[in-house]
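Novice: structure for this input, please:
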Amino acid sequence: MSSSKISPIIPLVIGVVFIGAALTGIIVSLTRGAPDEDSGSEQKVAVRAQARKVVQAPAVPVKKKTPTEDPIEDIPPEVSEEDLRRQTINILLMRIGKTPPRLDAEWLVNTHQFVRDTNSLSRFFGEYMQLGKKRSIMLERAQLRSKKILPQDPRYFISQANATFVAKENTETTLLKGIKENLALALYKKQEEAEGIENVEEQFMGIFFKKILVMFQMLEEMALKEKQDPQPWMKERVRTLEAAVTDRYFRIERRKNLARNKKEGTGNSIAPELFRTDRLEKEINVNLLELGQVYYEGAAREYIDREKHQYYADQAFKVLAMVYQRSHSGEALNLMREVNDIQRDYLHRLAKTSWKRAQLAVAAGDVAKADESYYTATQRYLQCMSQAVETRRELMIREFRVLKQEIAEWKAKKKSARAAGG
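Specialist: You can find the predicted model right below:
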């Protein structure tokens with residue numbers, strides 16, 4: 001067959017077929033390669049995202065605590081008021097649980113400062129008896145001069161004291177003369193009638209203590225207003241409150257003993273004989289609550305004498321803890337919260353002071369002083385943190401960790417010095 005007879009269309013068709021096959025292969029190869037490329041890009045994006053996460057929140061390796069390390073954890077940044085209240089109550093209840101559970105003669109001796117037993121109570125009343133007797137002698141002389149019968153009823157002298165309370169302008173002199181002397185005279189006359197102070201009825205003794213306490217409180221407030229030292233009148237308030245508590249305690253004990261002796265051998269209960277002691281027990285709680293308030297006020301305004309500041313706060317907590325143990329008083333618990341804050345802040349200041357003292361000792365090369373001060377600072381921090389709620393404890397924990405790191409560096413320095421023969 002000659003070439004002239006071959007159709008020119010055939011080469012064209014063959015070329016189109018080859019071109020189509022090539023294009024098909026290219027498309028197939030591209031189609032198969034696309035998923036691999038997309039998968040690779042997705043893996044790269046995931047790796048980059050994971051890298052960003054690692055940069056933002058680096059993983060912290062968990063370190064097991066040894067028995068010598070302090071088990072203090074990080075504190076959550078936000079705590080509700082209800083959580084704070086609950087934490088504070090738990091702290092207070094734990095501290096209250098470590099105090100004596102009942103009021104007895106031993107508690108009076110260990111807690112009271114001025115009137116703690118029958119002897120000191122007798123001395124307290126003896127001062128008022130002496131003052132009352134002096135006023136009684138003056139009254140008798142006045143009666144002889146005037147040739148008139150002057151009032152002798154103890155209630156009259158109480159009314160005279162009441163008149164002084166409501167006077168428009170009172171001074172220290174008018175309060176002491178118009179109230180203290182008249183009440184002393186009333187008590188002296190009353191114990192003469194009853195043949196002994198221990199036989200004076202409880203209602204009269206309650207009136208006597210209440211009015212004497214109001215007078216001393218007025219004198220204390222007057223001193224503060226005039227920018228004078230209120231300490232003497234605060235001392236008298238404490239002394240009078242202690243006398244009131246001690247007097248009621250021994251009255252209850254005497255009544256119990258009389259009831260036991262009366263019922264001894266009969267097999268009958270002494271409970272009916274003691275029904276009136278409930279009122280005395282409540283009065284003890286009232287007086288103790290006021291005593292705790294007085295100590296709290298003293299601690300709150302004492303900034304110069306740190307030992308006195310601490311003593312007042314400690315006394316306030318002891319007394320208020322006893323009130324709570326006896327009556328579960330919410331008022332006592334609320335006041336203890338304030339006292340706890342005072343004690344915690346005071347311990348925090350002591351901790352920082354000891355820390356500073358340790359740093360000065362290190363700079364001076366005084367090893368013994370540095371060791372002692374670091375130890376004291378550590379103990380103070382642990383004490384104040386145990387009395388702090390979470391939000392307040394956070395700052396203390398940060399400071400404490402810095403202190404621990406500094407102590408570790410100090411120990412390493414001492415060790416290297418010993419190794420070098422220094």
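Novice: from here on, just use CA atoms for contacts and neighbour counts.
Specialist: Will do.
Novice: and the one helix or strand Lys414 maps to, what does it pack onto?
Specialist: Using DSSP states H and E, the element containing Lys414 is helix 390-419. Other elements packing on helix 390-419 under the criterion 3 or more C-alpha pairs under 8 Å, 6 or more residues apart in numbering; DSSP states H and E are helix 367-386.
Novice: got the buried residues for the helix it packs on?
Specialist: 369-371, 373-378, 380-385 (16 or more other C-alpha atoms under 10 Å).
Novice: ok, now stretch 130-137?
Specialist: Within stretch 130-137, judged by 16+ other C-alpha under 10 Å, the buried ones are 131-133, 135-136.
Novice: go on, stretch 355-362?
Specialist: Neighbour-count burial for stretch 355-362 [16+ other C-alpha under 10 Å]: 355-359, 361-362.
Novice: next step: those residues restricted to strands.
Specialist: Among those, DSSP state E puts none in strands.
Novice: can you tell me which of these is nearest Gly421?
Specialist: Val362 (18.2 Å; C-alpha to C-alpha).
Novice: next, format the buried residues of stretch 355-362 as CSV and append pLDDT and distance to Tyr346.
Specialist: Listed next are those as CSV, based on pLDDT from 0 to 100; distance: C-alpha to C-alpha, whole Å:
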residue, pLDDT, distance to Tyr346
Trp355, 93, 14
Lys356, 92, 16
Arg357, 92, 17
Ala358, 92, 18
Gln359, 92, 20
Ala361, 92, 23
Val362, 91, 25
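Novice: ok, now how distant is the spatially most central residue of the chain from Arg85?
Specialist: For the chain, the residue sitting closest to the mean C-alpha position, by C-alpha atoms, centre = their mean, is Asn340 at 1.0 Å. Distance from Asn340 to Arg85, counting by C-alpha to C-alpha, to the nearest Å: 13 Å.
Novice: same deal with Lys133?
Specialist: For Lys133 relative to Arg85 (C-alpha to C-alpha), the value is 53 Å.
Novice: Asp229 too?
Specialist: Taking C-alpha to C-alpha as the measure, Asp229 falls 36 Å from Arg85.
Novice: quick one: low-confidence parts of this structure?
Specialist: Flagging of the chain using pLDDT under 70 yields the residue ranges 1-81, 263-265, 267-275, 390-392, 422.
Novice: all strands of it, in order?
Specialist: Going by DSSP E, the chain shows no strands.
Novice: in JSON lines: the buried residues of stretch 130-137, plus distance to Leu291.
Specialist: Formatted as JSON lines, those follow (distance: C-alpha to C-alpha, whole Å):
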{"residue": "Leu131", "distance to Leu291": "25"}
{"residue": "Gly132", "distance to Leu291": "26"}
{"residue": "Lys133", "distance to Leu291": "29"}
{"residue": "Arg135", "distance to Leu291": "30"}
{"residue": "Ser136", "distance to Leu291": "32"}
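Novice: narrow those residues to those in helices?
Specialist: Counting by DSSP state H, the buried residues of stretch 130-137 place 131-133, 135-136 in helices.
Novice: nice, that's everything, thank you.
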